[in-house]
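# coordinates for the following, if possible.
(one chain, ligands or ions: 2)
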Amino acid sequence: MTNRYDEAYTRSLQDPEGFWGEAADDIHWHKRWDKVFDDSNAPFYRWFVGGKVNTCFNALDRHVDGGRGEQAALIYDSPVTGNTVKTFTYRELRDQVARFAGALRSLGVGPGDRVVIYMPMVPEAIVAMLATARLGAVHSVVFGGFAAGELAGRIDDAQPRVIVSASCGIEVNRVIAYKPLLDGAIELARHKPDACVILQRPQEKAALVDGRDHDWDAVMATAEPADCVPVAATDPLYILYTSGTTGTPKGVVHDNGGHMVALKWSMRNIYDVEPGDVYWAASDVGWVVGHSYIVYGPLLHGCTTILYEGKPVGTPDASAFWRIISEHGVNVLFTAPTAFRAIKREDPDAKLMGRYDLSHFKMLFLAGERTDPDTLAWAESNLGKPVVDHWWQTETAWAIAANCMGLHPFPIKPGSPTKAVPGWDVHVVDADNNEVESGTIGAIVIKLPLPPGALPTLWNADDRFVESYLAEFPGYYKTADAGCIDGDGYIYVMARTDDIINVAGHRLSTGAIEEVLAAHADVAECAVVGVADGIKGQVPIGFLVLKAGVGRSSEDIVAEVVGMVRERIGPVAAFRQAAVVEGLPKTRSGKILRGTMQKIADAEDHKIPPTIDDPTVLDGIEQALMRLGYAGARP
Ligand code: COA
Ligand code: AMP
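Ligands and ions are numbered 1, 2, ... in the order given. From the prediction side, this is the model:
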């Protein structure tokens with residue numbers, strides 16, 4: 001017997017043009033497309049070719065024109081600034097965005113120009129994103145936890161005309177000056193922006209550079225509101241940099257037309273929300289979850305979105321999420337499992353939940369990392385509402401696998417994000433690109449073409465796009481996740497197949513951390529692996545082999561490399577532990593056995609690979625792990 005999910009899924013693969021063409025009717029087009037799908041330049045597939053749109057128009061103006069002007073579009077809730085709560089109606093947000101778009105235009109920003117946004121979780125970050133989209137320009141938001149060097153790399157790649165930033169961000173108990181990081185990044189970068197706009201926050205004012213920096217309030221006071229500029233549906237809306245297998249991040253591009261169609265479709269069909277509902281993604285605008293589900297998805301759908309400048313715990317305690325759900329009438333919450341593990345650790349019996357009225361709360365969605373069955377059970381039993389794990393990536397912009405709650409909720413199987421979402425033709429293959437039997441683990445791949453919303457390419461790097469995603473499994477997109485599909489079509493995502501680790505729902509490259517460690521003058525060789533962590537899921541730890549004759553203490557060298565990672569990548573790397581060892585385990589051909597080291601740390605069953613060059617090196621690794629407190633490791 002079929003259901004609405006089965007029907008939608010089958011149609012999305014058999015008649016993608018009919019399926020997505022219909023979904024596209026939910027979007028306002030300045031000019032309708034000539035072709036829903038264009039494969040004339042495969043593998044660079046395009047959706048809605050010939051169409052003209054504006055994403056900001058669909059997110060704001062359309063709702064104001066359609067009678068939603070007085071509805072809350074955005075609620076900013078900031079416990080870290082003394083419990084500030086500020087609501088913007090659709091009309092107010094549209095007016096602010098139009099004005100800031102005018103300010104950007106007066107600084108020279110036009111269609112196709114890039115604007116880098118390096119901001120904390122303040123409404124102005126969203127205003128800047130939408131204002132950029134309004135002008136048909138391309139934003140690139142950089143997460144605030146990245147250091148100057150990472151920001152500089154992104155500035156050089158995106159070559160922004162303008163950078164929008166703030167004087168500071170606020171973490172639980174400290175103010176982080178952003179401006180010195182921005183100035184340092186501009187100094188390091190080869191590309192220099194024409195101008196910067198700086199939001200001065202009262203917690204810490206920044207010194208402005210004459211002739212380059214402009215005060216946010218000052219430019220807003222004099223700006224003329226700008227209208228939406230229609231752009232080609234296939235023009236880029238944004239670039240979001242994400243960790244690749246080298247230290248150079250990949251500039252993932254998402255376009256305007258297909259991206260809007262997919263996100264708008266997802267709101268009702270995956271998340272089961274209606275216009276007017278309150279939708280909260282507790283993430284950061286610096287991540288893809290923030291782009292898709294703090295900003296674009298909810299606003300395209302006419303929902304109220306929440307911007308939360310705080311943490312699940314410590315601002316002030318583990319009741320923060322329940323307070324927000326209750327005070328702002330949140331219907332659907334989307335966050336990462338790590339947030340729930342943090343809450344569970346502080347309030348294991350969920351006593352604080354009982355203080356709040358959560359009766360209007362419908363569902364919790366989790367993504368960013370696998371939802372472990374313990375966290376799933378804890379959330380389900382305490383909330384008494386469906387808890388839905390779903391799987392996606394920066395590259396996809398929306399879920400590849402989910403329980404599509406608006407189509408047909410399936411029974412949940414712990415450890416699985418349920419089934420492939422309509423549009424995604426998911427397969428599991430072996431190293432020779434042959435489909436494996438159901439239940440067998442292999443590489444999870446997606447048959448081309450990818451649906452609307454997914455990346456059409458990497459910014460200025462078509463070759464890298466093909467090489468990173470399409471070359472290894474011809475005809476498929478490589479997700480770089482390994483897993484299996486069971487006999488009922490449930491997908492299980494088990495591990496990455498590359499050097500990416502997942503730290504508190506953030507994606508990090510161990511290769512990038514190794515590049516920093518290797519730059520230390522005393523380090524001859526190094527390896528970084530992600531080991532299991534009760535709250536963050538994984539954390540990176542480093543192994544260092546020192547150059548011959550280094551007489552300095554290991555403690556000093558470890559402290560220095562920890563400082564270097566914080567300085568060069570940023571606090572977000574959460575790199576706190578490293579150990580000096582005599583040697584690294586390697587195969588006879590010289591490949592470092594990182595997987596074996598990780599399994600030893602996590603006390604997982606492992607076989608010593610027969611190709612290992614010198615098995616005695618593993619004793620030193622085990623002892624180092626014991627010293628670092630990994631009790632699972634054998635002495
Ligand atoms: N600007 C500057 N520094 C930042 C930052 C920002 N925007 N965001 C995080 N940092 C810093 C933190 O202060 C911390 O610094 P520290 O090493 O001095 O303590 C470091 O970066 C690591 O941050 P994080 O990994 O977030 O750890 P945490 O201990 O502060 O918080 C959690 C842990 C689980 C509570 C938090 O990661 C969380 O709420 N995660 C769930 C939501 C989420 O962001 N999901 C992402 C995708 S859905
Ligand atoms: P990011 O691009 O930062 O969103 O990270 C994407 C990666 O996070 C995926 O490739 C997976 O490795 C992991 N991931 C995200 N969501 C899930 C999930 N629900 N289950 C398992 N892994 C996930």
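
# neighbours of Arg62, just the number please.
Neighbours of Arg62 under the rule other CB atoms under 10 Å: 20. In this view, the C-beta of every residue, glycine as well, is placed from N, C-alpha and C.

# meant to ask about Gln598
For Gln598, the neighbour count with other CB under 10 Å is 21.

# repeat that for Ile27.
Neighbour count for Ile27, taken as other CB under 10 Å: 22.

# what sits against Ser319?
The neighbours of Ser319, taking CB atoms under 8 Å, 6 or more residues apart in numbering as the test, are 347, 352-353, 355-356.

# let's see 10 Å
For Ser319, the contacting residues are 312-313, 326, 343, 346-347, 350-356, by CB atoms under 10 Å, 6 or more residues apart in numbering.

# most neighbours, which of the residues you listed?
Result: Ile343 is most packed of these (other CB under 10 Å), 27 neighbours.

# that one should be in a helix, yeah?
Yes. Judged by DSSP: H, G, I helix; E, B strand; the rest coil, Ile343 forms part of a helix.

# wait, doesn't it sit right on Ala336?
No. Taking CB atoms under 10 Å as the definition, Ile343 is not a contact partner of Ala336, at 11.7 Å.

# now the common contact residues for the two.
When contacts are counted by CB under 10 Å, 6+ apart, Ile343 and Ala336 are jointly contacted by Pro312.

# hmm, back to that, and of the contacts of Ser319, the nearest to ligand 1?
Pro312 (4.9 Å; CB to the nearest ligand atom).

# would you check that the closest one makes contact with Thr338?
Yes. The criterion here is CB under 10 Å, and Pro312 meets it with Thr338 at 8.5 Å.

# so what's Asp605 scoring on pLDDT?
pLDDT, Asp605: 82.

# three-state assignment of it?
Assigned by three-state DSSP, the conformation of Asp605 is coil.

# do Leu358 as well
Recorded secondary structure, Leu358: coil (three-state DSSP).

# contact partners for it?
Shown in contact with Leu358 (CB under 10 Å, 6+ apart): 321-322, 325-326, 330, 382-385.

# run the chain-centre distance for the helix ranked longest in the chain.
For the chain, the helix with the greatest residue count under DSSP state H is helix 90-106. Centroid separation between helix 90-106 and its chain, computed with CA atoms, centre = their mean, to the nearest Å, is 26 Å.

# can you name every helix or strand that it contacts?
Judged by 3 or more CB pairs under 10 Å, 6 or more residues apart in numbering; DSSP states H and E, the packing partners of helix 90-106 are helix 55-56, helix 62-63, strand 72-78, strand 84-89, helix 123-134, strand 162-166, strand 195-199, helix 216-222.

# next one, pLDDT for the closest residue in space to Trp33 that isn't next to it in sequence please.
Counting by CB to CB, 6 or more residues apart in numbering, the nearest residue to Trp33 once its immediate chain neighbours are dropped is Gly51, at 3.5 Å. Gly51 carries a pLDDT value of 98.

# how close does Gly51 sit to Pro452?
11 Å (CB to CB, to the nearest Å).

# what does His214 give?
37 Å.

# and these two? Which one has more around it.
Higher neighbour count among His214 and Pro452: Pro452, with 30 against 20, using other CB under 10 Å.

# now the end-to-end length of stretch 350-360.
Terminal residues of stretch 350-360 are spaced 18 Å apart (CA to CA, to the nearest Å).

# ok, Gln65 - how many residues close by?
If you look again at residue 65, you'll see it is Asp, not Gln. By the measure other CB under 10 Å, the count of residues near Asp65 is 13.

# picking that back up, of the contacts of Leu358, which belong to helices?
321-322, 325-326, 382-383.

# just to revisit the earlier point, closest one to ligand 2 among the helices and strands packed on helix 90-106?
Closest approach to ligand 2 among the helices and strands packed on helix 90-106 (CB to the nearest ligand atom): helix 123-134, 17.9 Å.

# next helix or strand past that closest one?
Proceeding N to C from helix 123-134, the next assigned helix or strand is strand 138-141, under DSSP states H and E.

# so what does that next one touch, helix or strand wise?
On a contact count with 3+ CB pairs under 10 Å, 6+ apart, strand 138-141 meets strand 114-118, helix 123-134, helix 148-158, strand 162-166, strand 236-242, strand 250-255.

# switch the cut-off to 8 Å
Applying 3 or more CB pairs under 8 Å, 6 or more residues apart in numbering; DSSP states H and E, one finds that strand 138-141 makes contact with strand 114-118, helix 123-134, helix 148-158, strand 236-242.

# can you list contacts of that strand?
By CB under 8 Å, 6+ apart, the residues outside strand 138-141 that reach it are 112-119, 125, 128-129, 132-133, 154, 158, 160, 235-241, 251, 285-286, 290-291.

# selecting buried members of these in PyMOL, what would you type?
Those of the contacts of strand 138-141 that count as buried under 16 or more other CB atoms under 10 Å are selected in PyMOL with:
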select buried, resi 113+114+115+116+117+118+119+125+128+129+132+133+154+158+160+235+236+237+238+239+240+241+251+285+286+290+291
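
# low-confidence ranges in this structure?
245-247, 631-635 (pLDDT under 70).

# hmm, try it at 80
1, 244-248, 631-635 (pLDDT under 80).

# ok, back up a step: and the contacts of Leu358 as CSV, adding distance to Gly511?
Conversion of those to CSV gives the following (distance: CB to CB, whole Å):
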residue, distance to Gly511
Phe321, 34
Trp322, 39
Ile325, 39
Ser326, 43
Val330, 38
Asn382, 39
Leu383, 38
Gly384, 43
Lys385, 40
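
# which PyMOL command selects the buried ones in these?
Remark: buried members of these, expressed as a PyMOL selection using 16+ other CB under 10 Å:
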select buried, resi 321+322+325+326+330+382+383
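
# which member of the contacts of Leu358 is positioned nearest Ser468?
Set against Ser468, the nearest of the contacts of Leu358 by CB to CB is Phe321 (35.8 Å).

# tell me how far the closest one lies from ligand 1.
10 Å (CB to the nearest ligand atom, to the nearest Å).

# give me every residue that touches the closest residue to that residue other than its chain neighbours.
Nearest non-adjacent residue to Phe321, counting by CB to CB, 6+ apart: Pro312, 5.8 Å away. Counting by CB under 8 Å, 6+ apart, Pro312 touches 282, 318, 320-321, 335, 339-340, 342-343.

# what's opposite Thr242 in the beta bridge?
Assessed by DSSP bridges, Thr242 has beta-bridge partners Lys250.

# parallel or antiparallel, list what pairs with the helix or strand hosting Ile306.
Under the criterion DSSP H and E, the helix or strand holding Ile306 is strand 304-308. Strand 304-308 sits in its sheet next to strand 72-78 (parallel), strand 278-281 (parallel), going by DSSP bridges.

# tell me which of those lies nearest to Cys56.
Closest to Cys56 of the strands paired with strand 304-308 is strand 72-78 (CB to CB; 12.1 Å).

# the closest one near ligand 1 anywhere?
No. Shown here: strand 72-78 not in contact with ligand 1 (CB under 6 Å from any ligand atom), separated by at least 12.9 Å.

# tell me the contacts of Met494?
Met494 touches 370, 441, 481-484, counting by CB under 8 Å, 6+ apart.

# now do 10 Å
Shown in contact with Met494 (CB under 10 Å, 6+ apart): 370, 415, 441, 444, 481-484.

# now do Pro610
With contact set as CB under 10 Å, 6+ apart, Pro610 has these partners: 587-588.
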